[in-house]
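**Q** need coordinates for the following:
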Amino acid sequence: FRTMLRMATRRVFVYGTLKKGEPNHHWLTRVENGQASFLGKGTTAVKFPLVVGTRYNIPFLLARPGEGNHIEGEVYEVDVSMFAKLDQLEDYPQYYDREEQAILTEDNKTIQCWLYLIRNFPEKLLSNQMLSSYHNTPEKPYSEKSVRTIPAREDLSY
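**A** Below is the predicted model of the structure:
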């Protein structure tokens with residue numbers, strides 16, 4: 001039974017607004033979205049550019065492995081319902097894509113986790129400041145979907 005249960009869950013690495021204390025963390029804690037268990041902090045084994053972009057100050061992990069920094073984030077084990085809700089939040093596959101990546105845990109284990117990233121982006125995003133850890137700030141406040149006047153995917157070149 002435990003094996004069947006494990007097969008029905010996915011590990012997800014979150015690096016932006018879904019982290020604890022960030023604007024979209026409530027998606028992971030809402031019971032009606034499904035189950036999510038915090039497994040610990042982690043860091044990408046591969047470097048990626050993590051930038052803040054659009055007029056809505058959205059953190060983007062750009063699909064340019066080897067550039068940027070090792071990204072700090074959190075690992076969650078989620079059920080199928082929560083995974084579907086995260087796909088909805090991230091507008092997968094129309095906007096964000098997702099792939100499995102090696103994540104280094106706090107106890108030096110390497111585990112495979114799903115993460116969301118942007119494949120099609122304007123090159124100029126690579127000139128934005130590259131972060132290793134995202135935090136919402138008053139200087140660059142994140143705007144939730146409900147207050148946006150333009151879809152974020154149409155605002156990448158802002």
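
**Q** show me where the chain has its helices.
**A** Taking DSSP state H as the test, the helices found in the chain are 2-7, 26-29, 80-89.

**Q** with mean neighbour count and distance to Lys41 added, can I get the ones you listed in JSON lines?
**A** In short, each C-beta sits where N, CA and C put it, glycine included. Formatted as JSON lines, the entries for those read as follows, by neighbours: other CB atoms under 10 Å; distance: least, CB to CB, whole Å:
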{"stretch": "helix 2-7", "mean neighbour count": "8", "distance to Lys41": "21"}
{"stretch": "helix 26-29", "mean neighbour count": "16", "distance to Lys41": "15"}
{"stretch": "helix 80-89", "mean neighbour count": "17", "distance to Lys41": "18"}
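
**Q** what's the strand ranked longest in the chain packed up against?
**A** Selection of the longest strand in the chain by residue count, based on DSSP state E, yields strand 36-48. Using 3 or more CB pairs under 8 Å, 6 or more residues apart in numbering; DSSP states H and E as the contact criterion, the neighbours of strand 36-48 among helices and strands are strand 9-14, strand 69-79, strand 97-105, strand 110-117.
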